[in-house]
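Asks: coords please:
(chains A, B and C)
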Amino acid sequence: MNSLTMFNFSLLQTLVEVLATLTFALSGMLEAARKRLDVVGVCVVAGLTAFGGGTLRDILLDRRPFFWVQHAAWLWALLALCTVVMLTLRSHHFELTERAVLWPDALGLGLFSASGTQIALEMQMPAIVAVLMGVISAVFGGVLRDIVCNEIPSVFRGHRPYAVCAFIGSWIVVLGQVFHAPDWLALVAAAATTVLLRGLALWSGYRLPSWDTDPSSAD
Amino acid sequence: MNSLTMFNFSLLQTLVEVLATLTFALSGMLEAARKRLDVVGVCVVAGLTAFGGGTLRDILLDRRPFFWVQHAAWLWALLALCTVVMLTLRSHHFELTERAVLWPDALGLGLFSASGTQIALEMQMPAIVAVLMGVISAVFGGVLRDIVCNEIPSVFRGHRPYAVCAFIGSWIVVLGQVFHAPDWLALVAAAATTVLLRGLALWSGYRLPSWDTDPSSAD
Amino acid sequence: MNSLTMFNFSLLQTLVEVLATLTFALSGMLEAARKRLDVVGVCVVAGLTAFGGGTLRDILLDRRPFFWVQHAAWLWALLALCTVVMLTLRSHHFELTERAVLWPDALGLGLFSASGTQIALEMQMPAIVAVLMGVISAVFGGVLRDIVCNEIPSVFRGHRPYAVCAFIGSWIVVLGQVFHAPDWLALVAAAATTVLLRGLALWSGYRLPSWDTDPSSAD
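Replies: Here you go, the predicted structure:
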């Protein structure tokens, strides 16, 4: 790519990141509202959902500074978002909001898992570990949200393909490295694959196979 | 300050730290008792409540050694405290104990948030990150206690100003750095502000504003 | 020991490690099945139970690479195990499985706590910290399993000696260092002590003393 295209690509990536991070934060706020948390709880759960996955990945990779330390303005943006949402959103908007964020959430799933995998590969992690780090980046914010809200993480019991889409898509980044594809191409291809798989899963209503532990009962 | 005053100040700080850490441990033990944990659970939850916040801050800041590694005698003190408390405290003492520890707990909230903020500023963290680290030091011991005891953290749903007091007080440390105030002065002023705010909150019974998600119902 | 004996000892240690890790993973899978998690949840909880304790120890000690990064083949083995178990194990096998794994589980408790203590001592940790790291290595996989599955960790409320056995056994490693015993001897003696204590606890049905908070009621 020439430098102008590269600039536009960077800009696009940043835009998708902003959109996806805000979406993750919003999903934390909705869960916090359902559990009737106070304003402190709403802000903390929003931040944990937005930044928890990437932070856990960086702790595991021993990588500093964290995203929200290097770009501390994000913390102010998060506080601003929480304030605006708490002043405007009411419970009868929740269902509509949840449907509206399905697509930005899928974009975040694709982008964060692909970039997390890339970061881990750059740190010489084995392929399977890098893919795992990608999946952790994308889904563990939601896992921490559910643990703090005293629920079994929905990504572990929803029977809907979510982490699985990110797992498959992240292998495209590994393939890209094997075939010496440029980083941006691997990132886009992996993220697109994840988003496509997630879209297919949402559209088809496909359910993950259950562990049929009790064949006599129709579960 | 001359060296004698400094010595007395250090001594005072250490005394407050000891008092506050024991208070935090005690709050972990009471919660563990309510959940009918065994002796292992009581000791672990006590330790997690006392040292969990500072340890999480140090993991996030990539700072070693932890307080309880450098001063391993604290772990023995914790075991001794747990033994004494389990041999003497009965459930009809619990209510009195909880009221008696409100003030040492407020002291701990003030001191740990101020010193946590100072530590983060010394490591060149941005102001908002440093304040966040201060709040994490002071309140995440209790958060981990509640997560292990399978409760939504009380600091996220109590609607009482607790983390908010530490958040406001910690900014005094940042102000102190901006105006080149001596470290001990910033620490004392910040801790005193937090303790005062917490005292006001307890005295007035002030409730944090709720996110009024359902305006039609009187919640 | 001559090099041949040493080789056999290493081989034996590796075999016990493999057996114990698979046992830990299996206990995660059974818990996940009881909570009706999907395939993603089953695999994650299995991995968390198997590797969570050692990973937490390494994060606390700031030690890299993790076991499952250095030996990434384990992650494939875990996926294979999960697949085989999900295809073959049914709920009427669960009770038998749980009794069958009590002994490999006790071996894992002994081996992981002893080797965790040894690792911490090599990093110049104080004795009580090293013992704590040993116990964390052996039991915090199960703690994380129970937190994710939204239960109070069974090791904190079971009133059965489990962590306590590892705590006592791990001190043998410290004693071994004091008396300059060879590493392998300290490891074997400590692990054997833990396994023996755990076996005694299982055989006798001994219950840990409760914190008798309410002496008037028969609890």
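Asks: leaving aside the residues adjacent along the chain, what's closest to the residue of chain A found nearest chain C?
Replies: Nearest residue of chain A to chain C: residue A:156, at 2.9 Å (C-beta to the nearest C-beta). For glycine as for every other residue, the C-beta is placed from the backbone atoms N, C-alpha and C. Spatial nearest neighbour of residue A:156, excluding adjacent residues (C-beta to C-beta, 6 or more residues apart in numbering or on different chains): residue C:41 at 2.9 Å.
Asks: and the helices in chain A?
Replies: For chain A, applying DSSP state H gives helices covering A:3-34, A:39-61, A:67-70, A:73-88, A:94-100, A:102-122, A:127-148, A:154-157, A:163-178, A:183-204.
Asks: dump the ones you listed into TSV; add mean pLDDT and mean neighbour count as well.
Replies: Listed next are the helices of chain A as TSV, based on pLDDT from 0 to 100; neighbours: other C-beta atoms under 10 Å in any protein chain shown:
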stretch	mean pLDDT	mean neighbour count
helix A:3-34	85	17
helix A:39-61	97	24
helix A:67-70	94	18
helix A:73-88	95	15
helix A:94-100	86	12
helix A:102-122	94	24
helix A:127-148	97	25
helix A:154-157	95	21
helix A:163-178	97	22
helix A:183-204	95	19
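Asks: give the contact list for the spatially most central residue of chain A.
Replies: Central residue of chain A (C-alpha atoms, centre = their mean): residue A:138, 3.2 Å from the mean position. Counting by C-beta atoms under 8 Å, 6 or more residues apart in numbering or on different chains, residue A:138 touches A:53, A:108-110, A:112-113, A:116, A:163, A:166.
Asks: and it, how far is that from residue C:21?
Replies: Going from residue A:138 to residue C:21 by C-beta to C-beta, to the nearest Å gives 27 Å.
Asks: again, but for residue A:26
Replies: Noted for residue A:26: a distance of 39 Å to residue C:21, by C-beta to C-beta.
Asks: before we move on, back to that, looking at the contacts of residue A:138, which is nearest chain B?
Replies: If you rank these by distance to chain B using C-beta to the nearest C-beta, residue A:53 comes first, at 14.8 Å.
Asks: so that closest one sits against residue A:134, correct?
Replies: No: if you go by C-beta atoms under 8 Å, residue A:53 and residue A:134 don't touch, sitting 9.9 Å apart.
Asks: can you list residues touching both of those two?
Replies: When contacts are counted by C-beta under 8 Å, 6+ apart, residue A:53 and residue A:134 have A:112, A:116 as shared neighbours.
Asks: and the residue of chain A nearest chain B?
Replies: Residue nearest to chain B within chain A (C-beta to the nearest C-beta): residue A:41, separated by 3.0 Å.
Asks: contacts only, for that residue.
Replies: For residue A:41, the contacting residues are A:32, A:35, B:152-153, B:155-157, by C-beta under 8 Å, 6+ apart.
Asks: and if we set it to 6 Å?
Replies: Counting by C-beta atoms under 6 Å, 6 or more residues apart in numbering or on different chains, residue A:41 makes contact with A:32, B:156-157.
Asks: closest to residue B:198 out of the residues you listed?
Replies: residue B:156 (16.7 Å; C-beta to C-beta).
Asks: kindly report the residues of chain A close to chain B.
Replies: Residues of chain A lying close to chain B (C-beta under 6 Å from any C-beta of the partner chain) are A:33, A:37-42, A:64, A:69, A:72, A:75, A:86, A:90-91, A:150.
Asks: give me every residue in chain A lying close to chain C.
Replies: Listed as neighbours of chain C in chain A under the rule C-beta under 6 Å from any C-beta: A:62, A:126, A:128-129, A:152, A:156-157, A:159, A:163, A:208, A:211, A:213-214.
Asks: let's go with 7 Å and repeat that
Replies: Applying C-beta under 7 Å from any C-beta of the partner chain, we find that chain A lies next to chain C at A:59, A:62, A:125-126, A:128-129, A:132, A:147, A:150-153, A:155-159, A:163-164, A:208-211, A:213-215.
Asks: hmm, residue A:30 and residue A:49 touching each other?
Replies: No: with contact defined as C-beta atoms under 7 Å, residue A:49 does not reach residue A:30; the gap is 9.7 Å.
Asks: if we ignore the residues flanking it in sequence, what's nearest residue A:108?
Replies: Distances taken as C-beta to C-beta, 6+ apart place residue A:20 nearest to residue A:108, at 2.8 Å, with adjacent residues excluded.
Asks: enumerate every residue touching that neighbour.
Replies: Going by C-beta atoms under 7 Å, 6 or more residues apart in numbering or on different chains, residue A:20 touches A:104, A:107-108, A:111-112.
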